[in-house]
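Visitor: After the sequence you'll find the predicted model.
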Amino acid sequence: MGNGPYYGLLINAAISLLVFISSWYLAIKVIKKKAVGKAKTPAMAFAVVWLDIGLIYLSVAIRTLFAYFGMYKLDKMFFYADNFFGALIGPSLIFFTFYLMFRKKKVADIIAIIWVLIGFVWWIFDVKIGAVRPEPVSYWLSEWKPGDERLMIAFAILFFMPGIGSLFALMLTSRNAPRRTTKYKINMTAFSLILACTLMLIDLGGTSPFVGFVVRVILAFVTIFGHLAYFPTKKIEEWLDRG
(Lines give C-alpha, C1' and ligand atoms only; values in the text may rest on other atoms or scores of the structure.)
Protein backbone atom coordinates (compact mmCIF):
# COMPACT_ATOMS: atom_id res chain seq x y z
CA MET A 1 0.00 0.00 0.00
CA GLY A 2 1.02 3.65 -0.20
CA ASN A 3 1.28 3.77 -4.01
CA GLY A 4 -0.67 5.78 -6.57
CA PRO A 5 -3.50 3.27 -7.17
CA TYR A 6 -4.76 3.85 -3.63
CA TYR A 7 -4.63 7.64 -3.43
CA GLY A 8 -8.42 7.54 -3.08
CA LEU A 9 -7.89 6.41 0.52
CA LEU A 10 -6.03 9.65 1.23
CA ILE A 11 -8.82 11.67 -0.38
CA ASN A 12 -11.41 9.79 1.66
CA ALA A 13 -9.44 10.34 4.86
CA ALA A 14 -9.34 14.07 4.06
CA ILE A 15 -13.13 14.16 3.46
CA SER A 16 -13.76 12.27 6.72
CA LEU A 17 -11.52 14.78 8.50
CA LEU A 18 -13.56 17.59 6.89
CA VAL A 19 -16.73 16.04 8.38
CA PHE A 20 -15.01 16.09 11.78
CA ILE A 21 -13.90 19.73 11.41
CA SER A 22 -17.26 21.01 10.14
CA SER A 23 -19.18 19.10 12.84
CA TRP A 24 -16.99 20.34 15.66
CA TYR A 25 -16.94 23.89 14.32
CA LEU A 26 -20.75 23.95 14.41
CA ALA A 27 -20.93 22.32 17.85
CA ILE A 28 -18.38 24.64 19.48
CA LYS A 29 -19.96 27.73 17.89
CA VAL A 30 -23.40 26.73 19.22
CA ILE A 31 -21.97 26.06 22.71
CA LYS A 32 -20.11 29.38 22.83
CA LYS A 33 -22.85 31.62 21.43
CA LYS A 34 -26.20 29.93 22.06
CA ALA A 35 -25.86 27.75 25.18
CA VAL A 36 -27.08 30.44 27.57
CA GLY A 37 -30.13 30.88 29.80
CA LYS A 38 -33.16 28.75 29.01
CA ALA A 39 -31.64 27.76 25.66
CA LYS A 40 -28.58 26.18 27.30
CA THR A 41 -29.82 22.59 27.58
CA PRO A 42 -31.24 22.19 24.03
CA ALA A 43 -28.25 23.99 22.53
CA MET A 44 -25.83 21.74 24.43
CA ALA A 45 -27.81 18.64 23.44
CA PHE A 46 -27.73 19.66 19.77
CA ALA A 47 -24.00 20.35 20.00
CA VAL A 48 -23.30 16.98 21.63
CA VAL A 49 -24.87 15.14 18.69
CA TRP A 50 -22.55 16.95 16.28
CA LEU A 51 -19.54 16.39 18.54
CA ASP A 52 -20.34 12.67 18.43
CA ILE A 53 -20.72 12.67 14.63
CA GLY A 54 -17.37 14.43 14.43
CA LEU A 55 -15.68 11.78 16.60
CA ILE A 56 -17.13 9.01 14.43
CA TYR A 57 -15.59 10.48 11.31
CA LEU A 58 -12.33 11.44 13.01
CA SER A 59 -11.98 7.72 13.81
CA VAL A 60 -12.86 6.89 10.19
CA ALA A 61 -10.23 9.35 8.92
CA ILE A 62 -7.53 7.90 11.19
CA ARG A 63 -8.27 4.27 10.29
CA THR A 64 -8.40 5.10 6.57
CA LEU A 65 -4.91 6.59 6.86
CA PHE A 66 -3.69 3.46 8.63
CA ALA A 67 -5.19 1.37 5.83
CA TYR A 68 -3.33 3.44 3.24
CA PHE A 69 -0.05 2.70 4.98
CA GLY A 70 -0.92 -1.00 5.33
CA MET A 71 -1.29 -0.85 9.13
CA TYR A 72 -4.41 -3.02 9.23
CA LYS A 73 -4.37 -3.86 12.94
CA LEU A 74 -4.60 -0.16 13.80
CA ASP A 75 -7.19 0.28 11.03
CA LYS A 76 -9.27 -2.40 12.75
CA MET A 77 -8.75 -0.88 16.21
CA PHE A 78 -10.13 2.47 15.07
CA PHE A 79 -13.06 0.67 13.46
CA TYR A 80 -14.03 -0.33 17.00
CA ALA A 81 -13.53 3.30 18.05
CA ASP A 82 -15.91 4.64 15.38
CA ASN A 83 -18.41 1.92 16.38
CA PHE A 84 -18.18 3.09 20.00
CA PHE A 85 -19.01 6.66 19.06
CA GLY A 86 -21.68 5.37 16.67
CA ALA A 87 -23.38 3.59 19.56
CA LEU A 88 -23.63 6.94 21.36
CA ILE A 89 -25.59 8.56 18.53
CA GLY A 90 -28.85 7.02 19.74
CA PRO A 91 -28.63 8.34 23.33
CA SER A 92 -27.59 11.82 22.20
CA LEU A 93 -30.42 12.06 19.65
CA ILE A 94 -32.99 10.69 22.07
CA PHE A 95 -32.00 13.13 24.82
CA PHE A 96 -32.21 16.05 22.37
CA THR A 97 -35.65 15.13 21.09
CA PHE A 98 -37.21 14.04 24.39
CA TYR A 99 -36.05 17.20 26.13
CA LEU A 100 -37.46 19.46 23.40
CA MET A 101 -40.76 17.58 23.27
CA PHE A 102 -41.44 17.27 27.00
CA ARG A 103 -39.10 19.84 28.63
CA LYS A 104 -38.36 17.37 31.44
CA LYS A 105 -34.60 16.99 31.76
CA LYS A 106 -34.75 14.18 34.33
CA VAL A 107 -36.92 12.04 32.03
CA ALA A 108 -34.63 12.73 29.08
CA ASP A 109 -31.58 11.94 31.25
CA ILE A 110 -32.99 8.57 32.38
CA ILE A 111 -33.94 7.48 28.87
CA ALA A 112 -30.57 8.57 27.48
CA ILE A 113 -28.69 6.72 30.25
CA ILE A 114 -30.62 3.53 29.47
CA TRP A 115 -29.58 3.85 25.83
CA VAL A 116 -25.96 4.50 26.82
CA LEU A 117 -25.95 1.23 28.79
CA ILE A 118 -27.50 -0.61 25.83
CA GLY A 119 -24.84 0.89 23.59
CA PHE A 120 -22.03 -0.14 25.92
CA VAL A 121 -23.31 -3.74 26.02
CA TRP A 122 -23.62 -3.76 22.23
CA TRP A 123 -20.05 -2.47 21.87
CA ILE A 124 -18.66 -5.16 24.21
CA PHE A 125 -20.26 -7.83 22.00
CA ASP A 126 -18.96 -5.99 18.94
CA VAL A 127 -15.35 -6.16 20.16
CA LYS A 128 -15.70 -9.69 21.54
CA ILE A 129 -17.13 -11.15 18.32
CA GLY A 130 -14.60 -9.24 16.23
CA ALA A 131 -14.65 -7.52 12.86
CA VAL A 132 -14.28 -8.94 9.37
CA ARG A 133 -13.31 -7.30 6.09
CA PRO A 134 -16.06 -8.19 3.58
CA GLU A 135 -14.01 -7.01 0.59
CA PRO A 136 -10.36 -6.17 -0.04
CA VAL A 137 -9.23 -2.59 0.55
CA SER A 138 -10.47 -0.61 -2.45
CA TYR A 139 -9.22 2.56 -4.09
CA TRP A 140 -11.63 4.63 -1.97
CA LEU A 141 -12.38 2.73 1.23
CA SER A 142 -11.15 0.36 3.88
CA GLU A 143 -14.27 -1.30 5.24
CA TRP A 144 -14.87 -3.55 8.22
CA LYS A 145 -18.08 -5.10 9.49
CA PRO A 146 -18.97 -6.79 12.79
CA GLY A 147 -18.28 -10.52 12.72
CA ASP A 148 -21.97 -11.27 13.24
CA GLU A 149 -24.45 -9.73 10.77
CA ARG A 150 -27.04 -9.52 13.57
CA LEU A 151 -24.89 -6.88 15.27
CA MET A 152 -25.21 -4.69 12.17
CA ILE A 153 -29.00 -5.04 12.23
CA ALA A 154 -29.09 -4.31 15.97
CA PHE A 155 -26.88 -1.26 15.42
CA ALA A 156 -29.38 0.29 13.02
CA ILE A 157 -32.44 -0.69 15.08
CA LEU A 158 -31.10 0.37 18.48
CA PHE A 159 -29.16 3.52 17.69
CA PHE A 160 -30.29 5.06 14.42
CA MET A 161 -33.96 4.19 13.92
CA PRO A 162 -35.19 5.38 17.37
CA GLY A 163 -33.26 8.61 16.96
CA ILE A 164 -34.55 9.31 13.45
CA GLY A 165 -38.09 8.37 14.50
CA SER A 166 -38.01 10.70 17.49
CA LEU A 167 -36.71 13.52 15.29
CA PHE A 168 -39.68 13.11 12.94
CA ALA A 169 -41.97 13.15 15.98
CA LEU A 170 -40.27 16.35 17.12
CA MET A 171 -40.97 17.98 13.75
CA LEU A 172 -44.65 17.05 14.09
CA THR A 173 -44.86 18.64 17.54
CA SER A 174 -43.41 21.87 16.15
CA ARG A 175 -46.81 22.60 14.59
CA ASN A 176 -48.05 23.57 18.07
CA ALA A 177 -45.24 26.08 18.61
CA PRO A 178 -46.65 29.59 19.14
CA ARG A 179 -43.99 31.46 17.15
CA ARG A 180 -42.57 31.06 13.67
CA THR A 181 -39.03 31.41 15.08
CA THR A 182 -39.57 28.41 17.39
CA LYS A 183 -41.05 26.30 14.60
CA TYR A 184 -38.16 27.22 12.33
CA LYS A 185 -35.47 26.32 14.87
CA ILE A 186 -37.09 22.98 15.78
CA ASN A 187 -37.58 21.98 12.15
CA MET A 188 -34.13 23.06 10.98
CA THR A 189 -32.29 21.35 13.84
CA ALA A 190 -34.33 18.17 13.37
CA PHE A 191 -33.92 18.26 9.58
CA SER A 192 -30.13 18.66 9.79
CA LEU A 193 -29.86 15.67 12.13
CA ILE A 194 -32.28 13.50 10.13
CA LEU A 195 -30.28 14.19 6.98
CA ALA A 196 -26.98 13.49 8.74
CA CYS A 197 -28.21 10.20 10.27
CA THR A 198 -29.74 9.04 6.98
CA LEU A 199 -26.44 9.64 5.20
CA MET A 200 -24.60 7.80 7.97
CA LEU A 201 -26.97 4.84 7.58
CA ILE A 202 -26.24 4.75 3.84
CA ASP A 203 -22.52 4.89 4.64
CA LEU A 204 -22.96 2.09 7.19
CA GLY A 205 -24.75 -0.05 4.59
CA GLY A 206 -21.67 0.05 2.36
CA THR A 207 -23.55 0.07 -0.96
CA SER A 208 -20.35 0.73 -2.93
CA PRO A 209 -16.95 2.34 -2.25
CA PHE A 210 -17.68 5.36 -4.42
CA VAL A 211 -21.17 5.87 -2.94
CA GLY A 212 -19.58 5.82 0.52
CA PHE A 213 -17.17 8.54 -0.59
CA VAL A 214 -19.96 10.71 -2.05
CA VAL A 215 -22.05 10.29 1.10
CA ARG A 216 -19.20 11.63 3.23
CA VAL A 217 -18.74 14.61 0.92
CA ILE A 218 -22.45 15.48 1.27
CA LEU A 219 -22.32 14.92 5.04
CA ALA A 220 -19.55 17.49 5.36
CA PHE A 221 -21.94 20.11 3.95
CA VAL A 222 -25.02 19.06 5.96
CA THR A 223 -23.71 21.11 8.88
CA ILE A 224 -24.81 24.16 6.87
CA PHE A 225 -28.42 23.34 7.84
CA GLY A 226 -27.36 23.17 11.48
CA HIS A 227 -25.75 26.59 11.11
CA LEU A 228 -28.91 28.00 9.55
CA ALA A 229 -30.95 26.66 12.49
CA TYR A 230 -29.00 28.67 15.07
CA PHE A 231 -27.47 31.35 12.85
CA PRO A 232 -30.03 32.21 10.14
CA THR A 233 -29.15 34.59 7.33
CA LYS A 234 -30.43 38.16 7.32
CA LYS A 235 -33.21 37.33 4.84
CA ILE A 236 -34.36 34.37 6.94
CA GLU A 237 -34.37 36.56 10.05
CA GLU A 238 -36.54 39.13 8.26
CA TRP A 239 -38.96 36.37 7.24
CA LEU A 240 -39.07 35.06 10.82
CA ASP A 241 -39.75 38.53 12.20
CA ARG A 242 -42.84 38.76 10.03
CA GLY A 243 -44.26 35.60 11.65
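Guide: All right, it came through fine. Numbering: from 1, shown residues only.
Visitor: Excluding residues flanking it in the chain, which one is nearest residue 109?
Guide: Closest residue to residue 109 apart from its sequence neighbours, by C-beta to C-beta, 6 or more residues apart in numbering: residue 95 at 7.2 Å. (C-beta placed from N, C-alpha, C; glycine too.)
Visitor: should've said residue 139
Guide: residue 8 (4.0 Å).
Visitor: Hmm, residue 142 and that neighbour touching each other?
Guide: No - contact between residue 8 and residue 142 fails when scored by C-beta atoms under 8 Å: they sit 10.5 Å apart.
Visitor: higher neighbour count, these two?
Guide: residue 142 (27 against 17; other C-beta atoms under 10 Å).
Visitor: Return the residues in contact with the residue nearest to that one when sequence neighbours are not counted.
Guide: Distances taken as C-beta to C-beta, 6+ apart place residue 67 nearest to residue 142, at 3.3 Å, with adjacent residues excluded. Residue 67 is in contact with 1, 9, 75, 137, 142, counting by C-beta atoms under 8 Å, 6 or more residues apart in numbering.
Visitor: residues making contact with the one helix or strand residue 97 maps to?
Guide: For residue 97, the host element (DSSP states H and E) is helix 89-102. Residues outside helix 89-102 that contact it (C-beta under 8 Å, 6+ apart): 41-42, 45-46, 48-49, 52-53, 56, 104-105, 107-109, 111-113, 115-116, 118-119, 158-160, 162-164, 166-167, 169-170, 173, 186, 189-190, 193, 197, 200.
Visitor: Same question for stretch 16-34.
Guide: With contacts defined as C-beta under 8 Å, 6+ apart, stretch 16-34 is touched by 43-44, 46-48, 50-51, 53-55, 57-58, 60-61, 64, 216, 219-221, 223, 226-227, 230-231.
Visitor: can you rerun that using 7 Å?
Guide: Here stretch 16-34 makes contact (C-beta atoms under 7 Å, 6 or more residues apart in numbering) with 43-44, 46-47, 50-51, 53-54, 57-58, 60-61, 64, 216, 219-220, 223, 226-227, 230.
Visitor: and those residues, which are buried?
Guide: 43-44, 46-47, 50-51, 53-54, 57-58, 60-61, 64, 216, 219-220, 223, 226-227, 230 (16 or more other C-beta atoms under 10 Å).
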